[in-house]
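Q: This is a predicted model, with the sequence first.
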Amino acid sequence: MVTYIIRRLVTAVLILLGASFVVYQLTAAAGDPLDELRQSNAPNKDQLIAQRVALLDLGTPAPLRYFKWLGGAAQCVVPLVGKCDLGQKMNGEPVVDALGRAAGQTILLITAATILAIVIGIGLGIITALRQYSTLDYSVTFMAFLFFSLPIFWIAVLLKEFGAIGFNDFLRDPVFSPTSILITAICLGIVVVLFMGGSYLKRIIGFLIGAAATAGLMYALSVTGWFSTPGLGPILIALFGVGIAYLATQLTAGVKNRKALYSSLLMVPAGLIAYYALNPVLSGISGWGILGLFVATLAVGCIVGWFMGGFDRGQSMRAAALSAFFVGGLVMLDRFMVEWPNYFSNGRVRGRPIATIGSSTPNLEGNWWIQNIDLFTHLLLPTVALLLVSLASYSRYSRASMLEIMQMDYIRTARAKGLPERTVVMRHAFRNALIPLATLVAFDIGGLIGGAVITERVFAFTGMGNLFVDSLLPVPDPNPVMGVFLVTGILALVFNLIADLAYSVLDPRVRVKA
Amino acid sequence: MSRPNPETPSGQLPEDLEAAAVPEEVQGLSQNAIVRKRFMGNTPALISIVVFALIFVMAFSSIGFIGIPGWWHYSYEQFSTQINGGRPTFVNLFNWGDHPFGQDRIGRDYFAMTMRGTQQSIVIMFVIGSVGGFIGVVVGALSGYFRGWIEAVLMRIVDIIIIVPLLILAAVLGRISGSAVSGNMATVALGLFIGVIIWTGLSRLVRGEFLTLREREFVDAAHIAGASNTRIMFKHILPNAVGVIIVNVTLLMAAAILLETALSYLGLGVKAPDVSLGSLISDNQEAFSTRPWLFWFPGLFIVVICLSINFIGDGLRDAFDPRQRKFKAKKAKDRGVHGSAVNDSASAAAIAQRTEGGEDSGRHGSSDPDDDGPAHGA
């Protein structure tokens, strides 16, 4: 194993050297950095040209310049030297600084989108595989292909138009018209039917209940002006909490396991107590405080599960911790909603909360909650755009993988042993279906860090992709281009290796060659 | 995967069992007939073929191509006075009006422009598909068949090309071809350039396929009969790998359309005054609130083309590789024990496929250089 890793790493370094040489030469060939100066009418034209020649070292031929650059870049990997020289941008800024800033923005942009795409995509894939050739399967497949076929900039412009401008206009006077209530109710009713299945009567009842609930909810939200002063309040938290507790138990242990169910349900009063007890602490909290609270929440869940015990402590603990996590999330969501009017009426936001460009409102002042609402409103649209585009591959892959697993002999064996279908699906099939996806996830993360070029451009995020394009066009600027390339290239190679190793760890049938 | 009896030790099965392992619906049909039959049973794929054919005919016949005039009365470069603010005049299918898709802000007919963009996308798609498909197949076949240093060199080249960003190559191309070629040739050049670098994923898949197929008995038989390496590669192995190739080239083509639109969006693809679907959207995105049709029509065409290609690819995959088909419990019961034989072989093939699909050699027994099987290779 160690030999294998070392061999792969050595190969990776050689590949990186080769590729970086190619990229450097291509960048040098992509355009003349002096063009714009030659055409300018500035009085000190010659001086500017001389300055840029000196800065970019244009006197040296490009192949030699590469080795000079390599000499500086090599210092980054030498330990204890502590300096890292990737050259300067054309405006004199060190590339290392620009890269650091851009990487932060990109990570901000892709984290939520990637996690959501993985979770939702895999969930949809599994559900559609379990109900293969149902209407649900066909609709999800069609949607997946549709999103897969959409150019991301097209989605982005539509989102900006309807998600941001339209929604902001709506927030000015947040009342639903009867037509929109009717249409939404019918649509959601159809969604409920798609997920339900069963006899026709059951489906019609499901449709009616779904549609009526939606219409009632929208009417209530409209009448109470919920969108101006949103909030959940203790009653809604309790109701949602009970629902979450049932769902979490069903997924992890099955509701027949009473001990697990009760420990999950216990999390709801615990969450409500925390809701009141923590209220004074929460207003001045920092990010670390929130993190600590979440760890504490999980710990409480585990402890309660442990003491409830039962024949399988692990199941109760898992169920309780899962419910605790989501009930904690509800409490936090409520807190965000309480702060929403303050954000909405903030002088910098001026009543148009959903942003279409950038990653934060400049000079916005406020506590941790306000800052994070700001982050949320800025990330909402790009995240949705990225999510829709990458959802397709995850759902397709996990569907295929789950279909394959469900035909395996050990699934038949598990059923023959008399295990409940939940155990067969969740513990025997689902876990094994995830193995091939590990590769996909690793590749995707490696690719996305440098890959969200278009999304960054449309939403004016100053991330890696934007840095790359700005440095390449209209005048190529080799140093930042090489900087971005180094980061993305190294990440791609590393995640490639991780994907291979993860595969052999997860699936013992696959062995890496030593 | 076009294997009628995948990876089973089918030679050891009794005669009747093996016959029963073939589902009734396909008994007595050739491999191609089976694939055709399965594909014809796939409604979305058939609809997609019809839709794509319609778009293809409409795009190339309406405004003409390479000098051949079409039936539409405007060209995409022709200016005319703006009527009614350039709004679309499309009423219904039989009453298109003068400018069915409206006019852009300087009065060019938007239907002609969209058709021109569609032509560009389709041309680029086919160029990328054929160039990328050809290189991918050749590289994959050579490295999978010969192994040894040929494989090592080719796969390292693949590794390098994979991490070189496409945008840089597109920028270089923009500089080189910006003045040298124009019109349709520029489009073809763009397709060639993208095709030259987009084949890497395909070559890995083809290599994986060759690695397993070269260990099969029919390859040994061909060797013993004295067939040359070239003949074995292209006459014996390639037809068995054609399923993987066709499916992946189709998906490559769907990705190619989006890639071209993305490049044009960044200003690196098709250059003005020529138009592509991507550049039309890019030029008109600011006008969304005032002239939304300038934004809708090209986008709609991208989506429909890409969607139909994707559905065709999916249909082909189902036709070539029915592993994802539902296991029909009733039929299996009728066939008794034989049903499980089908199932076993399918899952065995699944494991084999999954394990060799990755990129570094040696995960799978058969791709280990040490167990070199019967003597062939470089």
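A: Looks like it came in fine.

Q: how about residue A:42, secondary structure?
A: coil (DSSP: H, G, I helix; E, B strand; the rest coil).

Q: What is the longest helix seen in chain A packed up against?
A: The helix that spans the most residues within chain A, counting by DSSP state H, is helix A:368-406. Contacts defined by 3 or more CB pairs under 8 Å, 6 or more residues apart in numbering or on different chains; DSSP states H and E place helix A:368-406 against helix A:95-130, helix A:135-148, helix A:152-158, helix A:313-344, helix A:431-451, helix A:453-458. C-beta: built from backbone N, CA, C; applies to glycine.

Q: tell me how far the host helix or strand of residue A:54 is from the chain's mean position?
A: If you go by DSSP states H and E, residue A:54 is part of helix A:45-56. Offset of helix A:45-56 from its chain centre (CA atoms, centre = their mean, to the nearest Å): 44 Å.

Q: What are the buried residues along it?
A: A:48, A:49, A:52, A:55, A:56 (16 or more other CB atoms under 10 Å in any protein chain shown).

Q: tell me the angle the helix or strand where residue A:17 lies makes with helix A:45-56.
A: With elements taken from DSSP H and E, the one containing residue A:17 is helix A:2-29. Put simply, helix A:2-29 runs at 170 degrees to helix A:45-56, going by axes from the mean of the first three to the mean of the last three CA atoms, to 10 degrees.

Q: Show me what helix A:2-29 is packed up against.
A: helix A:62-74, helix A:478-506, helix B:148-163, helix B:166-180.

Q: How about the lowest-mean-pLDDT helix or strand in chain A, which residues are buried there?
A: In chain A, the helix or strand scored least confidently by mean pLDDT, DSSP states H and E is helix A:35-39, which has a mean of 72. Residues of helix A:35-39 classed as buried: residue A:37 (neighbour count, 16+ other CB under 10 Å).

Q: quick one on the thing from earlier: the helices and strands packed on helix A:2-29: which one's closest to residue A:15?
A: helix B:148-163 (4.7 Å; CB to CB).

Q: Buried ones in the closest one, by neighbour count?
A: B:150, B:151, B:154, B:155, B:157, B:158, B:159, B:160, B:161, B:162, B:163.

Q: quick one: which of those residues is nearest to residue A:274?
A: residue B:163 (48.1 Å).

Q: rewinding a little: report the entries of the buried residues of helix B:148-163 that also contact chain A.
A: B:159, B:160, B:162, B:163 (CB under 8 Å from any CB of the partner chain).

Q: can the residues you listed go into TSV with extra columns for pLDDT and distance to residue A:382?
A: Shown next, in TSV, are these (pLDDT from 0 to 100; distance: CB to CB, whole Å):
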residue	pLDDT	distance to residue A:382
B:159	85	31
B:160	86	31
B:162	83	26
B:163	82	25
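
Q: just to revisit the earlier point, in the longest helix of chain A, which residues are buried?
A: Under the neighbour-count criterion of 16+ other CB under 10 Å, helix A:368-406 has A:368-374, A:376-406 buried.

Q: Over to stretch A:436-447?
A: Using 16+ other CB under 10 Å as the burial criterion, the residues of stretch A:436-447 that qualify are A:436, A:437, A:438, A:439, A:440, A:441, A:442, A:444, A:445, A:446.

Q: Out of the residues you listed, which are close to chain B?
A: A:436, A:439.

Q: Export the buried residues of stretch A:436-447 to CSV and append columns for pLDDT.
A: Listed next are those as CSV, based on pLDDT from 0 to 100:
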residue, pLDDT
A:436, 81
A:437, 84
A:438, 81
A:439, 77
A:440, 81
A:441, 83
A:442, 79
A:444, 79
A:445, 78
A:446, 71
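
Q: ok, so of the buried residues of stretch A:436-447, who is nearest chain B?
A: Lowest distance from chain B to the buried residues of stretch A:436-447 (CB to the nearest CB) belongs to residue A:436, with 6.2 Å.

Q: mind listing what's buried in the helix or strand hosting residue B:60?
A: Counting by DSSP H and E, the element that carries residue B:60 is helix B:43-62. By neighbour count on 16+ other CB under 10 Å, the buried set for helix B:43-62 is B:44, B:45, B:48, B:49, B:51, B:52, B:55, B:58, B:59, B:60, B:62.

Q: hmm, whichever helix or strand comes after it in reach of chain A?
A: Remark: after helix B:43-62, the chain's next helix or strand is helix B:110-146, criterion DSSP H and E. No: judged by CB under 8 Å from any CB, helix B:110-146 stays clear of chain A, getting no closer than 10.9 Å.

Q: Would you mind pulling up the elements that helix B:110-146 packs against?
A: Against helix B:110-146 (3+ CB pairs under 8 Å, 6+ apart) you get helix B:43-62, helix B:148-163, helix B:184-197, helix B:200-213, helix B:238-265, helix B:277-284, helix B:293-320.

Q: now, of the ones you listed, which is deepest in the fold?
A: Across the helices and strands packed on helix B:110-146, averaging neighbours per residue (mean count of other CB atoms under 10 Å in any protein chain shown) puts helix B:277-284 on top, at a mean of 26.

Q: Tell me what angle that one forms with helix B:238-265.
A: Using the same axes, to 10 degrees: helix B:277-284 against helix B:238-265 is 20 degrees.

Q: so does helix B:277-284 get close to chain A?
A: Yes: residues of helix B:277-284 are located near chain A by CB under 8 Å from any CB, namely B:278, B:281, B:282.

Q: before we move on, back to that, what's the closest of the helices and strands packed on helix A:2-29 to residue B:257?
A: Closest approach to residue B:257 among these (CB to CB): helix B:166-180, 14.6 Å.

Q: related to what we said a few turns ago, nearest to residue A:247, of the helices and strands packed on helix A:2-29?
A: The nearest among the helices and strands packed on helix A:2-29, by CB to CB, is helix A:478-506 at 26.9 Å.
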